[in-house]
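Participant: Attaching a predicted model along with its sequence, questions to come.
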Amino acid sequence: MALEKKLYLIAVTLPAALNDKVHAIKQQIARDYHSKHALRLPAHITLQKPFNFADESFLINSLARFKINTPPSDLELEGFGAFAPRVIYVTIHKNKHLQNLYGALKNWLLTDTGFEPGWVSNGPFVPHVTVAYRDLSKANFTAAWARYKTEGFSGNFLVNAIDLWRHNGKYWQSLHKFYPYQA
């Protein structure tokens, strides 16, 4: 019997207090600029774009073995950025530890988990926390970006885990938390 492929995502999930702060912005954008899609996900930093995988148990076991030789690190969030013409996000300060985590995870997925090269996230890694996308019209993007490009936002948290999320057909759910940092 063939295994059903399910949709997964690997991310760093923001802690509850920061998630609440980001969620309030998402609600404001939904109300003022009619962009609700970002409300479907908790605040996160994507490490691996959505992918289909048939063997969930294998995937979880593989990620449980994933380790990185860097310490957990503080991550600073400040202000807003955009990928015109539809995406607005909270900006992440450049962080070599997060870059190392991203690179090590990408290599792990290719070597240990059997990902094909086309499955892994490619291109430059621009860590960010999305607050509006997909259903943000170009006109509303222009209006929202005029407001948020100068709006303040700040926060920080310790990155010490990554999360595997699974899509249930309606929304994303955190499936498992992993602690890849070696003590």
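Facilitator: Great, that's in hand.
Participant: Helix or strand next in line after the longest helix belonging to the chain, which one?
Facilitator: When the chain is parsed with DSSP state H, its longest helix is helix 16-33. From helix 16-33 onward toward the C-terminus, using DSSP states H and E, the following helix or strand is strand 44-53.
Participant: what lines up beside that next one in the sheet?
Facilitator: Sheet partners assigned to strand 44-53 using DSSP bridges are listed as strand 6-13 (antiparallel).
Participant: Could you give the average pLDDT over the partner strand?
Facilitator: Mean pLDDT, strand 6-13: 95.
Participant: Export that strand to PDB, keeping only CA atoms.
Facilitator: C-alpha atoms of strand 6-13 as PDB (Å, rounded to 0.1, in the frame of the first residue of the first chain):
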ATOM      1  CA  LYS A   6       1.200  15.000   3.300                       C
ATOM      2  CA  LEU A   7       2.300  18.700   3.200                       C
ATOM      3  CA  TYR A   8       5.000  19.800   5.800                       C
ATOM      4  CA  LEU A   9       6.900  22.900   6.700                       C
ATOM      5  CA  ILE A  10      10.000  23.300   8.900                       C
ATOM      6  CA  ALA A  11      10.200  26.600  10.800                       C
ATOM      7  CA  VAL A  12      11.400  28.400  13.900                       C
ATOM      8  CA  THR A  13       8.200  29.300  15.800                       C
END
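Participant: Point me to the helix or strand that includes the closest residue to H128 other than its chain neighbours.
Facilitator: In space, and not counting its chain neighbours, H128 is closest to Y89: 3.9 Å by CB to CB, 6 or more residues apart in numbering. Glycine gets a C-beta too; all of them are placed from N, C-alpha and C. Using DSSP H and E, Y89 sits in strand 87-92.
Participant: Run a quick check on the residue nearest to H128 versus F80, I expect a contact.
Facilitator: Yes - counting by CB atoms under 8 Å, F80 is a contact partner of Y89 at 6.7 Å.
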